[in-house]
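K.L.:
coords below, sequence missing:
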Ligand code: WQD
């Protein structure tokens with residue numbers, strides 16, 4: 001009997017890529033998603049890649065009745081929890097939306113899991129819990145702080161999970177702190193497809209390259225870094241998906257709470273990403289250096305040692321792979337999936 005996993009937010013960027021790796025690892029999966037930042041035709045793309053079409057339950061993690069019905073209908077062995085709002089800037093304008101979705105929604109999910117005696121959770125956390133870290137690389141024991149309601153919501157959920165684990169050590173909980181997820185499945189059938197104007201660098205560059213946007217603003221060229229632009233730990237979304245399967249497999253022979261960074265361990269600057277993307281796409285990226293974006297730190301990248309030690313996981317794909325796969329997806333889907341049924 002195949003193990004069945006619930007993927008909340010599974011129609012989204014990281015969730016859809018994780019679905020593919022779960023299927024190839026022998027799991028079956030059900031997706032719960034409110035489609036606020038994803039498109040239902042992703043299911044057809046997933047079927048094309050995996051020859052299995054995931055069951056999609058359209059709804060919110062705050063819907064206790066829907067969750068109870070879902071857990072009574074399916075015998076889940078675990079939950080991978082991606083569902084949540086994740087735009088830093090937006091969270092400053094709409095904190096209650098972020099606390100309702102990300103915190104109350106997670107509490108609702110945990111209650112449904114407890115009631116159904118499903119006690120293995122892989123939680124989508126973020127490097128944003130490290131706040132304005134002074135230096136990189138960052139280890140998991142680096143002090144945490146919040147610089148936005150989004151970051152605070154992730155930090156509060158991590159604290160909730162720590163308290164839950166302490167109260168009942170039979171819970172298996174993996175907090176995975178992502179750094180900067182980018183890239184796309186090598187088929188080019190799925191990729192990052194944000195609704196509206198992209199907040200993040202890579203999808204914005206991709207939309208400039210494909211002609212949807214005229215020019216990129218580089219937020220600051222006067223940081224204390226080799227080329228003056230910020231450095232980040234960009235990680236290929238397929239490496240990230242592999243990390244989630246590794247975390248699930250970890251609980252085949254372990255228990256309890258683990259918190260690990262999922263990153264490459266190296267920092268790449270904005271100008272370097274532009275250069276690599278131009279090499280991958282053959283397209284010149286128009287850009288201008290503008291003022292800094294508030295809240296940005298100069299440098300942020302992972303120390304991924306613990307993920308290798310505990311999960312046996314290492315990021316394997318390069319920034320060149322990330323740019324090549326992003327361009328392959330974007331050039332095949334110039335307007336994303338938004339206008340496709
Ligand atoms: C990367 C670099 C920008 C856009 C955010 C969240 C984090 C996580 C990943 C959820 C920065 C620069 C960007 C642009 C630019 N999300 N940039 N022009 O800010 O490192 O992390 O996304 O978990 O929580 O904070 O990623 O891609 O927005 O920015 O110059 O149009 O690119 O200043 O230096 P960030 P990003």
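P.N.:
That came through, no problem. Here the structure is a predicted model, which is why all the values come from computation and not from measurement. Numbering: from 1, shown residues only.
K.L.:
drop to CA atoms for contacts and neighbour counts, all remaining ones
P.N.:
Will do.
K.L.:
Show me which residues of the stretch 51-200 of the chain are close to the ligand?
P.N.:
Proximity of the stretch 51-200 of the chain to the ligand (Cα under 6 Å from any ligand atom) is limited to residues 86, 88, 126, 128, 180, 199-200.
K.L.:
Filter these down to just the buried residues.
P.N.:
In terms of neighbour count (16 or more other Cα atoms under 10 Å), the buried residues within these are 86, 88, 126, 128, 180.
K.L.:
Surely the fourth one touches residue 149?
P.N.:
Meaning residue 128. No: using Cα atoms under 8 Å, residue 128 is not in contact with residue 149; the gap is 10.6 Å.
K.L.:
Now the common contact residues for these two.
P.N.:
Taking Cα atoms under 8 Å, 6 or more residues apart in numbering as the contact criterion, residue 128 and residue 149 have no common neighbours.
K.L.:
Do a quick rundown of the helices in the chain.
P.N.:
In the chain, the helices defined using DSSP state H lie at 13-24, 42-50, 64-73, 88-93, 95-98, 105-116, 149-167, 201-209, 237-250, 270-281, 305-311, 319-332.
K.L.:
mean pLDDT for those helices: which is lowest?
P.N.:
Lowest mean pLDDT within the helices of the chain: helix 88-93, at a mean of 93.
K.L.:
which parts of that one are buried?
P.N.:
Going by neighbour count (16+ other Cα under 10 Å), the buried part of helix 88-93 is 88, 90-91.
K.L.:
what do you get for stretch 93-100?
P.N.:
95, 97-100.
K.L.:
Over to stretch 61-70?
P.N.:
Going by 16+ other Cα under 10 Å, stretch 61-70 has these buried residues: 61-62, 66-68, 70.
K.L.:
Kindly report the same for stretch 225-238.
P.N.:
In stretch 225-238, counting by 16+ other Cα under 10 Å, buried: 229-238.
K.L.:
Would it count as contacting the ligand?
P.N.:
Yes: using Cα under 6 Å from any ligand atom, stretch 225-238 reaches the ligand at 230, 232.
K.L.:
hmm, who's touching that stretch?
P.N.:
Stretch 225-238 is contacted by residues 14, 17-18, 179-185, 218-223, 262-271, 297-302, 315, 317-319, 321-322 when judged by Cα under 8 Å, 6+ apart.
K.L.:
interface residues of the stretch 201-341 of the chain facing the ligand?
P.N.:
Residues of the stretch 201-341 of the chain found near the ligand (Cα under 6 Å from any ligand atom) are 201, 204, 216-219, 230, 232, 270, 293, 296.
K.L.:
Distance check, residue 292 against residue 220.
P.N.:
Distance, residue 292 to residue 220, by Cα to Cα, to the nearest Å: 4 Å.
K.L.:
typo on my end, residue 291
P.N.:
Distance from residue 291 to residue 220, by Cα to Cα: 5 Å.
K.L.:
again with residue 307
P.N.:
Look at residue 307 and residue 220: by Cα to Cα, they are 32 Å apart.
K.L.:
higher neighbour count, those two?
P.N.:
For residue 307 versus residue 220, the count of surrounding residues by other Cα atoms under 10 Å is larger for residue 307: 23 against 18.
K.L.:
can you pull the contacts of that one?
P.N.:
By Cα under 8 Å, 6+ apart, the contact set of residue 307 is 260-262, 313-314.
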